[in-house]
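> Provide a 3D model corresponding to the input given below.
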Amino acid sequence: MPSKLGLNSETWTYRFKHDGRRYTLVKRKRSRDGVWWLDVVIKGRRIARTLETVNAVEAEARAIRSYITPARAEQWRLMGPTPRVVWPKLVEIMAAYVGLSHGRVMLGTVINNVNALRMVVRRGLGREGATLQEVGETSTAALNGALVSKFEDVMREQGKSQRSVCSYLKQARSLFNHPLVKRYEDAGLKLPPGFEEFMTREVARPPRTERERVPTALIDKTLEASKSLWVNDPAAYIAWLLGLCSLRRGEIAVMRWDWLHPNWHEGGATWSIIVPRHHAKSKCARTIPVDPQAFKQLDRYHTVRCAQEDKVGRNDFYVLPGAERRVKFRCGVIFRRVNVWMRDLGWTTAHTLHEMRALSLSWIRDAHGLDSAQSVAGHSDQRTTQQHYVGQKDTASLSVQWPYQFIGGDE
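Residues are numbered from 1 along each chain as shown. Below is the predicted model:
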């Protein structure tokens, strides 16, 4: 007989049938930790025992395994009531995590990790519409292996990629790494035993996709067409040029003119772009050498921008134009124009602007070696540079080589 969930004014009831007999699990609506209890008569005495889980199906299995089956086999001894253990709520763990992360982890990363945990709990418990307060009131006893499996199933039903499943789980689990758990315990927030299943339950790995190799003729065509892009859409050209200087899209969006620094030597001055630590993906400042021709174009664009800004009486410190506080969101419009331009030229890869970063790193590898390419890219692992960037471009057969011989245009 299928189990069913009932409701009265004070409690939730979950009824199931086992071996020809009916049993009932109960949970008070105002329960602090939200766990199920077994309400049954054994040996003529009515008892209630906590099952230490908020999942009704798991509670049914524990009731059968720990109480009903031993009692039917005359192996269960009636003892006093089990002391109730109150596990911490998620809101308490989140508050402790935010406090412990202050000054150690970027605020944006902390917010993303907390939001990921909320998403995993909502979808894992089937409470998609739960408010922030309702999620916060959920007991940490809900964090178990079944929650992970249910979350993965819901994400698949919604058409989300397996890469997203793994990404959100990694963020959610980052609140419970070993050093943090010890700090939680020091603060009196002891996690339930089933919590280890939440950390160790495996999900399917995302399929590995091979990067599409770009034809040399298409790269040559793009480099030549960039001259007309400078004339027709200077902002899109500068965004594309900075990508070719090996900057990431997010770094291009927030780049300021004061990131450009001169390097003085006997032959004159060369220029570099220094990406500040708080804007770099690796959280380490890195220096990117700028080809003289590329700097020449940036300087020309800066002159045009200054003339335009003087007319409206303001000064924008960002390289790409737009409102200062919404710079990341506004640059999406410029990036889309670059994307449309490259698609019209025949690019069919998953990324467009990012392919220019890979091309730049390939040139640097050919001229100065893999170590230099890794340093400019800002990768902590050299295998990332080799496998996903410089290994995908055949720069030797291009009609132009480093430095950027194609950059310039009519004076």
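
> which intervals of the stretch 1-150 of the chain have sub-threshold pLDDT?
Counting by pLDDT under 70, the ranges of the stretch 1-150 of the chain that qualify are 1-10, 30-33, 42-44, 75-85.

> Spatially central residue in this protein, please.
In the chain, the residue lying closest to the centroid (Cα atoms, centre = their mean) is residue 167, at 5.5 Å.

> So that one, which state does it fall into?
helix (DSSP: H, G, I helix; E, B strand; the rest coil).

> So residue 218 is in contact with residue 346, correct?
Yes: at 5.5 Å, residue 218 and residue 346 qualify as touching, with contact defined as Cβ atoms under 8 Å. In short, each C-beta sits where N, CA and C put it, glycine included.

> tell me the domain boundaries of this protein?
Structural domains assigned to the chain are 4-72, 90-200, 216-397, following automatic domain parsing.

> how about the strands in the stretch 1-150 of the chain?
Under the criterion DSSP state E, counting those that start in this stretch, the stretch 1-150 of the chain carries strands at the ranges 4-7, 11-18, 21-28, 37-42, 45-50.

> what do you get for the stretch 251-400 of the chain?
Ranges of strands in the stretch 251-400 of the chain, per DSSP E, counting those that start in this stretch, are 260-265, 268-275, 286-290.

> Need the winner for burial among those strands.
Of all the strands of the stretch 251-400 of the chain, strand 286-290 carries the top mean neighbour count, a mean of 19, counting by mean count of other Cβ atoms under 10 Å.

> who does that one pair up with?
Using DSSP bridges, strand 286-290 pairs in its sheet with strand 268-275 (antiparallel).

> Residue 218 and residue 346 - which one has more neighbours?
When neighbours are counted by other Cβ atoms under 10 Å, residue 218 and residue 346 differ, and residue 218 comes out ahead with 16 against 12.

> Identify the residues contacting the closest residue to residue 337 other than its chain neighbours.
Closest residue to residue 337 apart from its sequence neighbours, by Cβ to Cβ, 6 or more residues apart in numbering: residue 236 at 4.4 Å. Taking Cβ atoms under 8 Å, 6 or more residues apart in numbering as the contact definition, residue 236 lies against 229, 334, 337, 338, 341.

> quick revisit: closest one to residue 207 among the domains of the chain?
With Cβ to Cβ as the criterion, residue 207 lies closest to domain 90-200 of the domains of the chain, at 7.0 Å.

> re earlier: can you put the domains of the chain in TSV and add distance to residue 206?
Output for the domains of the chain, formatted as TSV (distance: least, Cβ to Cβ, whole Å):
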stretch	distance to residue 206
domain 4-72	27
domain 90-200	4
domain 216-397	14
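
> Report how many residues lie close to residue 253.
23.

> Check the gap between the closest residue to it other than its chain neighbours and residue 339 for me.
Leaving out its chain neighbours, the residue that sits closest to residue 253 by Cβ to Cβ, 6+ apart is residue 331, at 3.9 Å. Distance, residue 331 to residue 339, using Cβ to Cβ, to the nearest Å: 12 Å.

> ok, those two, which is more surrounded?
The neighbour comparison of residue 331 against residue 339 (other Cβ under 10 Å) goes to residue 331, with 23 against 16.

> wait, what's in contact with the more buried one?
Going by Cβ under 8 Å, 6+ apart, the list of residues near residue 331 reads 239, 252, 253, 320, 322.

> Next: residue 304.
Residue 304 makes contact with residue 234, according to Cβ under 8 Å, 6+ apart.

> which of the contacts of residue 236 lies closest to residue 374?
For the contacts of residue 236, the closest approach to residue 374 (Cβ to Cβ) belongs to residue 338, at 25.7 Å.

> and the closest one, what pLDDT?
For residue 338, the pLDDT comes out at 92.

> And it, how far from residue 273?
Separation of residue 338 from residue 273 (Cβ to Cβ) stands at 18 Å.

> try residue 224
From residue 224 across to residue 273, the span is 25 Å (Cβ to Cβ).

> So for residue 172, which of the strands of the stretch 1-150 of the chain sits nearest?
Among the strands of the stretch 1-150 of the chain, the nearest to residue 172 by Cβ to Cβ is strand 21-28 (24.6 Å).

> so what does that closest one touch, helix or strand wise?
Packing partners of strand 21-28 (3 or more Cβ pairs under 8 Å, 6 or more residues apart in numbering; DSSP states H and E): strand 11-18, strand 37-42, helix 56-63.

> Between strand 21-28 and the shortest one, find me the angle.
Just to be clear, that refers to strand 37-42. Following axes from the mean of the first three to the mean of the last three Cα atoms, to 10 degrees, one obtains 140 degrees for the angle between strand 37-42 and strand 21-28.

> buried set for strand 37-42?
Judged by neighbour count using 16 or more other Cβ atoms under 10 Å, the buried positions of strand 37-42 are 37, 38, 39, 40, 42.

> From the contacts of residue 236, pick the one nearest residue 140.
Top of the list for closeness to residue 140, among the contacts of residue 236 and by Cβ to Cβ, is residue 334 at 44.4 Å.

> Tell me, how many residues neighbour that closest one?
Neighbour number of residue 334 under other Cβ under 10 Å is 21.

> I figured it hits residue 340, correct?
No: here residue 334 lies out of contact with residue 340, judged by Cβ under 8 Å, at a distance of 11.0 Å.

> Tell me which of the helices and strands packed on strand 21-28 sits nearest to residue 130.
Ranking the helices and strands packed on strand 21-28 by proximity to residue 130 (Cβ to Cβ) places strand 11-18 first, at 15.7 Å.

> name the helices or strands packed onto that closest one?
strand 4-7, strand 21-28, helix 56-63.

> most tightly surrounded among the ones you listed?
Of the helices and strands packed on strand 11-18, helix 56-63 is the most buried (mean count of other Cβ under 10 Å), at a mean of 19.

> Outside of it itself, list whatever touches it.
Applying Cβ under 8 Å, 6+ apart, the contact partners of helix 56-63 are 3, 5, 14, 16, 23, 25, 35-36, 38, 40, 49, 51-53, 144, 146.

> Keeping just the C-alphas, turn that helix into CSV.
The C-alpha trace of helix 56-63 is given here as CSV (Å, rounded to 0.1, in the frame of the first residue of the first chain):
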residue,chain,number,x,y,z
ALA,A,56,9.7,11.3,5.1
VAL,A,57,10.9,8.3,3.0
GLU,A,58,14.2,8.1,4.8
ALA,A,59,12.3,8.4,8.1
GLU,A,60,10.1,5.5,7.1
ALA,A,61,13.1,3.3,6.4
ARG,A,62,14.8,4.2,9.7
ALA,A,63,11.6,3.5,11.6
